[in-house]
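Visitor: Sequence plus the predicted model coming up.
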Amino acid sequence: MEGQNAMSTLDSLTTGAQVGALLPLLTAIVQRPAWPTELKKTVAVVLALIAGLITVAASGGWDQFQHGTLTFATLATVLAASQATYDLIWKPSKVAPVIESVTSPKAPEQAG
């Protein structure tokens, strides 16, 4: 039983890291270049927490939420991975900012 719990924890954290690594690309679809930095940070954190909850549920079903430590660790992993990959990969490579720009609605004077 102990080994099974360790495997469940490892699976959940691994999945959380994978979700977090890709999350900035999905977040960029929602965010807009003109938004203030604080709003962008808030949106990124809220989306990471939502993605973390979905990851916990997908990894072990709704019963997984009975394990508070695992739930918290998975949420933290998604958040940390999303922030780290954004700062280290997606922002410097300009991939996330380009997605933000491409998916943002254009003002009428910009459309033509």
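Guide: Good, I have the coordinates. All values reported here derive from a predicted model rather than from experimental measurement. Numbers count the residues shown, from 1 in each chain.

Visitor: I'd like the average pLDDT over stretch 27-37.
Guide: On average, the pLDDT along stretch 27-37 is 94.

Visitor: How about stretch 50-68?
Guide: 80.

Visitor: Quick one: distance of that stretch to the chain centre.
Guide: Taking the mean C-alpha point of stretch 50-68 and that of its whole chain, the gap between them comes to 15 Å (Cα atoms, centre = their mean, to the nearest Å).

Visitor: ok, residues contacting it?
Guide: The list of residues contacting stretch 50-68 from outside it, by Cβ atoms under 8 Å, 6 or more residues apart in numbering, reads 8, 11-12, 15-16, 19-20, 23, 70-71, 74-79, 82. (Each C-beta comes from the backbone N, C-alpha and C, glycine too.)

Visitor: Pull out the buried residues from the residues you listed.
Guide: With burial judged by 16 or more other Cβ atoms under 10 Å, the buried subset of those is 12, 15-16, 19-20, 23, 70-71, 74-79, 82.

Visitor: Okay, and which of those map to helices?
Guide: Using DSSP state H to define helices, the subset of these located there is 12, 15-16, 19-20, 23, 70-71, 74-79, 82.

Visitor: Which secondary structure element is home to residue 106?
Guide: In the assignment (DSSP states H and E), residue 106 maps to no helix and no strand.

Visitor: ok, now how distant is it from residue 33?
Guide: Here residue 106 is placed at a distance of 11 Å from residue 33 (Cβ to Cβ, to the nearest Å).
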